[in-house]
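Chemist: No letters, just coordinates:
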């Protein structure tokens, strides 16, 4: 179970292999060792269909100049491992949901407290923690990134935080203040947007209980103070939403959609997005809208590499499996798809693992309540 802590190190690599990838593989084998059977639902056939579609895309593109066979098989093997991990690991982790949630809370506290220390250390010169460099200063404001490569990767702890809220896990007011403060000090509109949409989704679906009102009020106060002291930075971020240039967030989002529309309807093959972009995308306008093929939009990425059929199967599978029991976190997950484009990664699939754990536990709770209801009627 403690291997889950290793999933936080999504920014660290040993050669080409991410530490989070290695942890995911170890966790998968450990889960197989601990559980006697794997629960595979009929709906999970879509996973294998999606994998089949991606292999057929490779067959279709095999003679194309942009297709690098070695890159395809490396990415395809990763995809298989990720999906197998998603199908296997939740069966083990969901057996002790309290311990799993405790690990998530501890991870959040460490990430956020370390990030706050970075902020204090920068202005008081009391230490030089990881990530303290001039590249993280915008308009005189230091942006914390904690253990991550860049501030926008706070998306990872934001998704863990929203998972805890929708699962009904109790957090102290001190926890909320520490976590929200760190998110705000990342000065990332991606993080602000996802956090706002996540909390709004929970409120709209009447999952946010009265005790969480203090969280909302505290967030608004801290957010207002921080904005007041960082007006130039905020103005620049807001301007970047409507001004299209290579460093603009909107450029990468909209550009990803344009890029996707310009690629073949059947896909270019997983692992070959950058190759296709460098060889085929010579149009100056397209190059304005995308930064070296880096598309911050998972929906666009799946369409580009797997085609319209692959995109449809993937989305249909998630809706089919989770819309009844986990609609709240599923909506949050879909919103997150428009904030980053690293689909074939341990981080992305850890979100799916949390979603599946949430589904299993809610199903068990429903069964338990039905059983209690029958006993009361006897």
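Modeler: That came through, no problem. Because the structure is predicted, anything quoted here is derived from the model rather than measured.
Chemist: Quick one: the helices in the stretch 51-200 of the chain, in order.
Modeler: Taking DSSP state H, counting those that start in this stretch to define them, one finds helices in the stretch 51-200 of the chain at 69-93, 97-124, 155-166, 173-185, 189-204.
Chemist: so which of the ones you listed is the most packed in?
Modeler: Using mean count of other CB atoms under 10 Å, the stretch among the helices of the stretch 51-200 of the chain with the greatest mean number of neighbours is helix 155-166 (a mean of 24). For the C-beta atoms, the positions are set from N, CA and C on the backbone; glycine is no exception.
Chemist: Report the mean per-residue pLDDT for it.
Modeler: Averaging pLDDT along helix 155-166 gives 93.
Chemist: try stretch 22-41
Modeler: 87.
Chemist: Give me the below-cutoff pLDDT ranges for this protein.
Modeler: Applying pLDDT under 70 to the chain flags the ranges 127-140, 206-255, 282-294, 368-378.
Chemist: any chance you could map the strands in this protein?
Modeler: Ranges of strands within the chain are 13-14, 17-18, 137-138, 141-142, based on DSSP state E.
Chemist: Using TSV, lay out those together with mean neighbour count.
Modeler: Below are these laid out as TSV (neighbours: other CB atoms under 10 Å):
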stretch	mean neighbour count
strand 13-14	11
strand 17-18	15
strand 137-138	14
strand 141-142	18
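Chemist: Confirm for me that residue 108 is in contact with residue 159.
Modeler: No: between residue 108 and residue 159 there is no contact under CB atoms under 8 Å: 10.6 Å.
Chemist: Give me the phi and psi angles of residue 271.
Modeler: phi 90, psi 0 (degrees, to the nearest 10).
Chemist: which residue sits closest to it in space, ignoring its chain neighbours?
Modeler: residue 75 (2.9 Å; CB to CB, 6 or more residues apart in numbering).
Chemist: ok, that neighbour to residue 27 distance?
Modeler: Between residue 75 and residue 27 the distance is 21 Å, computed by CB to CB, to the nearest Å.
Chemist: for residue 78, what are its contacts?
Modeler: 21, 344 (CB atoms under 8 Å, 6 or more residues apart in numbering).
Chemist: quick one on the thing from earlier: and of the strands of the chain, who's closest to residue 169?
Modeler: Residue 169 lies closest, by CB to CB, to one member of these: strand 17-18, at 27.3 Å.
Chemist: partners of that closest one, with directions?
Modeler: Here strand 17-18 is paired, per DSSP bridges, with strand 13-14 (antiparallel).
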